[in-house]
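Engineer: any chance you can model this:
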Amino acid sequence: MHSKKHWAPGSGVKILRVARTDGYGWNVYAVVPEKGTCPDCGIRSSRRHGWRHRRLLDYPAHGEAVVIQLRIGRWRCTVQHCSRRTFSDEAVVAHPWARRTTRAADIASHLGHSTGGRPAERLMRRLGMPTSDDTILRHLKRAAAGAAPPPRIVGLDDWSWRKSWRYGSIVVDLERRSVVDILEDRSVEHAASWLRKNPSIEIVSRDRCGLYAQAVREGAPQAIQVAVRFHLVQNLRLAIEEQMNLSGRPNGRSILSEKENVDAATHRRDARLAHRQSRDEVFARIHALRNEGLSFCEIERQTGYKRRTVAKWLKFETPPDRRRGSLNPTSPWYFEKFLAQCSKDGNRCGRHLLHDVRLRGYTGSRSHLERLLGAWRRADKRTASAPATEAFSLAPVKDPDTGHAISPVVAAALCIKPRGQLTDQQARKVDALKRGSPAFARMRSLAMRFNGLLRGCQPEPLEAWIDDAIDSDLVPIMRFARVLRRDIDAVYNAIELPWSNGQTEGQINRLKTLKRAMYGRAGTEMLRARMLPLRHTK
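Structural biologist: The predicted model follows:
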């Protein structure tokens, strides 16, 4: 009797006998207690219609598959007005039409949710419960259709099906820290439609993309919008980097010096000259240090150049020339003299010049030609409107430790970093930037005030900060402040409320991992089934 209980797939099933089959595992013959109660009218019937047999896959035994041969009684309903003529007793150990017991199906669902279709198929076969990958995925998708608890505070963000080409959207319940839904795209229509179907939403944390802001206004006008604090700081950092780019962007380790707001062509020419001058200076310094008797390691420490570069440059008496790519007819610069003469004669129409220059062998595109002509037109316009006084020029700030120009990217990152988090080397860079660039000193003061606003939970000083940023006469900072004012309510809520999209970004990383593990072939339905918590897919 104990053995029969051990083989039982669940309560309410009576085991008749157990048989071993060669190469096919175990067959357990069982029967369901006879009830004969009609599920529609609830009247018990005593008229037997016959028997029904079901084959159910169950937990394995000794590493081999176990099949339950379950016999279920079938009855006739004796009530005349009942629409059901025949019915079967209920098998509590399995769902109707299922081919495996409920507990075996739960194991397949867990493995499918965690590993996917084919890995779950291999594991199920190894565990003694063979199930195809199609069956696992089909059950996973069907179970994922169940509704999750209505969310109240959600995070809305985008993720890429293919970077810079196609994007989807993800909705995360920030209170329960779980995914609510996966949307196929990031359009306003689909996001607003989803928000209308969930009227329980009270707070939406989103990035500063105008698409989601418009979707929330249309689909959930009652919801409070919260801008992401990380994106606010990131946008400020990009504005600072744009301002620092006016001082020149170093190419490698070269020290650049250029005028403010120059066109692209002049920038390239000045950059090449400055780069060559910088290489000459570094070359002379390396030879001077070597003549002083310093070793390669000491020269590497003082100049920042690798030992191999130092050894190579010491072999030459003059700086080696770099290889330059020759101009070809696909570039409009190949016909610079002809185009310059046409521009001087007053012929600046890109469509006309394209015809003329193609007769001379030009094989490039019209947009490439228009880019060059536009740069020339802007340069002429600035020259005509510029005052007679010499233009104010910005010089790049040198690193006090290495003597090289500090990159705008590094300067922007240091500008928003508090003093207490700076290393000694970074602190020296910040001090050098503040001494050498009044614009950097002004932007660092604004950045520290802005960080204090985000952490102080007091939004009242924000208006004064925006006014000071606009009065700073720094164009990128002024632009950032004006855009900030357009989204002022969401920024206020970001300062006051504790919610952010940190959990959403983490779920996006998990989604990317699952998508790549499925070789990028999973659709929206499968990603939703894998991303939803397992309690939603039961």
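
Engineer: which non-adjacent residue is nearest the most centrally placed residue in the chain?
Structural biologist: Of all residues in the chain, the one closest to the mean position by Cα atoms, centre = their mean is residue 159, 4.8 Å from it. Leaving out its chain neighbours, the residue that sits closest to residue 159 by Cβ to Cβ, 6 or more residues apart in numbering is residue 508, at 4.7 Å. Heads up, the C-betas are built off the backbone N, CA and C, glycines and all.

Engineer: what's around residue 52, how many residues?
Structural biologist: 15 (other Cβ atoms under 10 Å).

Engineer: and if you look at the one 3 residues further on?
Structural biologist: Around residue 55 sit 11 other residues, with neighbours defined as other Cβ under 10 Å.

Engineer: correct me, but residue 369 touches residue 355?
Structural biologist: No - Residue 369 is not in contact with residue 355 according to Cβ atoms under 8 Å; the separation is 10.8 Å.

Engineer: neighbour count for those two, which is higher?
Structural biologist: Each of residue 369 and residue 355 has its neighbours counted (other Cβ under 10 Å); residue 369 has more, 21 against 11.

Engineer: buried set for the host helix or strand of the more buried one?
Structural biologist: Taking DSSP states H and E as the criterion, residue 369 maps to helix 366-385. Neighbour-count burial for helix 366-385, counted by 16 or more other Cβ atoms under 10 Å, picks out 369, 370, 372, 373, 375, 379.

Engineer: got it, and stretch 35-53?
Structural biologist: Neighbour-count burial for stretch 35-53 [16+ other Cβ under 10 Å]: 36, 38, 41, 45.

Engineer: one more: stretch 208-217?
Structural biologist: 208, 211, 212, 213, 215, 216.

Engineer: the second one belongs to a helix?
Structural biologist: Yes - in this structure, residue 211 lies within a helix as judged by DSSP: H, G, I helix; E, B strand; the rest coil.

Engineer: ok, and the closest non-adjacent residue to it?
Structural biologist: residue 188 (5.5 Å).

Engineer: just give me the neighbour total for the one you found.
Structural biologist: Residue 188 has 18 nearby residues by other Cβ under 10 Å.

Engineer: also the one 5 residues further on?
Structural biologist: Using other Cβ under 10 Å, residue 193 has 14 neighbouring residues.

Engineer: can you check the one 3 residues further on too?
Structural biologist: Close neighbours of residue 196, defined as other Cβ under 10 Å, add up to 12.

Engineer: you'd agree it is up against residue 222?
Structural biologist: No - Residue 196 lies out of contact with residue 222 (Cβ under 8 Å); the separation is 11.1 Å.

Engineer: buried set for whichever strand or helix holds residue 138?
Structural biologist: Taking DSSP H and E as the definition, residue 138 sits inside helix 133-144. Neighbour counts over helix 133-144 (16+ other Cβ under 10 Å) mark 133, 135, 136, 137, 139, 140, 141, 143, 144 as buried.

Engineer: any idea which of those is closest to residue 314?
Structural biologist: residue 133 (62.8 Å; Cβ to Cβ).

Engineer: report pLDDT for that closest one.
Structural biologist: At residue 133, the pLDDT value in this model is 88.

Engineer: the residue nearest to it when sequence neighbours are not counted and residue 124: what is the separation?
Structural biologist: Among residues not flanking residue 133 along the chain, residue 117 sits closest, at 3.6 Å (Cβ to Cβ, 6+ apart). Shown here: residue 117 relative to residue 124, a distance of 11 Å by Cβ to Cβ, to the nearest Å.

Engineer: right, I'll call it a day here.
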